[in-house]
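Colleague: after the sequence you'll find the predicted model.
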Amino acid sequence: MGRLKKILIPSLGLVLAFWFYSARDTFKPEMLRGKRVIVTGASTGIGEQMAYHLARMGSHVLLTARTEARLQNVVERCLELGAASARYISGSMASPSLPEEVLREAENTWGGLDMLILNHIGQSSFTFFSGDVGHVRTLMETNFVSYVALATAALPLLKESEGSIVVVSSIAGKIAGPFTAPYSATKFALDGFFSSLRQELIIDKVNVSITLCILGYINTESAVRAVSHVIPQTPAPKEECALEIIRAGALRRRELHYPSPAVGSMLLLRSLAPELLDSLLLSSYRLENVRRT
Ligand SMILES: NC(=O)C1=CN([C@@H]2O[C@H](COP(=O)(O)OP(=O)(O)OC[C@H]3O[C@@H](n4cnc5c(N)ncnc54)[C@H](OP(=O)(O)O)[C@@H]3O)[C@@H](O)[C@H]2O)C=CC1
Ligand SMILES: C[C@H](CCC(=O)NCC(=O)O)[C@H]1CC[C@H]2[C@@H]3C(=O)C[C@@H]4C[C@H](O)CC[C@]4(C)[C@H]3CC[C@]12C
């Protein structure tokens, strides 16, 4: 009997612990039903695909980007797909007043917010750094400062709902390769800010999760247009990428690495043999095709 207790109770504990943690890991689309979600940069690419997934899951969506005509089409499609509601605000995130305007709209129409997905990026080129400091400033404002402003304005609502912030970043925000100097800087800044903020929320026992998404090359139109002449690898699908981002946010994960084996192995190699990683990266590029502007 004593021995049975010694074996049975810890085994039962292990089974229960396994069940508890695997249950926490299970994503169900219903988790997003009726949730109030803001997606920035939702007129094209991964953001547009996230809007469609959320719509199928029955979320309320508020979408932002600059191009009103595209946003109108995406909103219409979201309603056809089953969104609980869908609306948009158009404007540039380089403008300091837009973040608060977006959050005011969420508060006025929904009375709260469950998830903030920060995804937009300003225009940049895949080429040698031209020395244009003004471009770096504007890109920092669009790709980084506006993320901070949106998260700051959203925090009171997210604290109330115990919601989530999802930050879409890139492998370029963990490993700096060539031809993305300004872009890469904005993505490194996101990691610094949001990883620090995550710890402060934990210290303050604020139950708002922050998920940083580290993405590799994805087959959006703008990415393929920018790099396919230099990077011959096949990009990962934007539809699957979009779903993985939503999943990681709903499961309150700390980081998402997508596509998983490629991004994971690059991060591992960066810490074990950074020079080897640099030379592997360079040898995979068609350097002769890089456009000098
Ligand atoms: N595709 C890829 O290979 C990778 C993408 N990522 C990340 O994924 C995210 C989405 O990328 P992807 O879908 O490829 O990008 P897209 O170029 O397809 O989409 C960018 C979105 O941002 C909007 N946008 C552009 N400029 C501004 C601005 N000044 N203010 C507000 N919105 C703006 C665009 O709409 P509009 O022009 O109408 O404003 C569009 O909706 C980004 O954060 C990117 O860094 C990370 C790694 C790889
Ligand atoms: C240059 C792309 C940005 C295009 C753009 O300006 N879009 C916005 C708009 O048109 O309004 C870059 C966007 C994503 C980059 C890719 C990325 O982040 C992952 C890899 C990182 C690595 O360091 C370099 C190759 C990447 C595939 C990188 C290439 C440049 C982007 C496609």
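Modeller: On my side now, so go ahead. Ligands and ions are numbered 1, 2, ... in the order given.
Colleague: next up, the contacts around Ser85.
Modeller: Ser85 makes contact with His60, Val61, Thr109, according to Cβ atoms under 8 Å, 6 or more residues apart in numbering. Quick note: C-beta positions are derived from backbone N, CA and C, even for glycine.
Colleague: compare those and tell me which has the most neighbours.
Modeller: Counting neighbours by other Cβ atoms under 10 Å, Val61 comes out on top of the contacts of Ser85 with 29 neighbours.
Colleague: sec struct for that residue, please.
Modeller: strand (DSSP: H, G, I helix; E, B strand; the rest coil).
Colleague: residue contacts, it?
Modeller: Per Cβ under 8 Å, 6+ apart, neighbours of Val61: Val37, Ile38, Val39, Ala42, Ala51, Leu54, Ala55, Cys78, Ala83, Ser85, Ala86, Arg87.
Colleague: just Thr142 next, same as before
Modeller: Residues in contact with Thr142 (Cβ under 8 Å, 6+ apart) are Ser92, Met93, Ala94, His120, Ile121, Gly122, Thr186.
Colleague: pretty sure Tyr88 is touching Leu71, no?
Modeller: Yes - using Cβ atoms under 8 Å, Tyr88 is in contact with Leu71, at 4.0 Å.
Colleague: identify the contacts common to those two.
Modeller: Common neighbours of Tyr88 and Leu71 (Cβ under 8 Å, 6+ apart) are Ala42, Leu63, Thr64, Ala65.
Colleague: what segments of this structure are helices?
Modeller: If you assign secondary structure with DSSP state H, the helices in the chain sit at 2-24, 45-56, 68-81, 98-110, 133-140, 146-161, 181-203, 221-227, 238-250, 260-272, 274-284.
Colleague: close to ligand 1: what parts of the stretch 51-200 of the chain are there?
Modeller: By the rule Cβ under 6 Å from any ligand atom, the part of the stretch 51-200 of the chain lying against ligand 1 is 65-67, 70, 92-94, 119-123, 142, 168, 170.
Colleague: which one of these sits in the busiest neighbourhood?
Modeller: Val168 leads those on contacts (other Cβ under 10 Å) with 28 neighbours.
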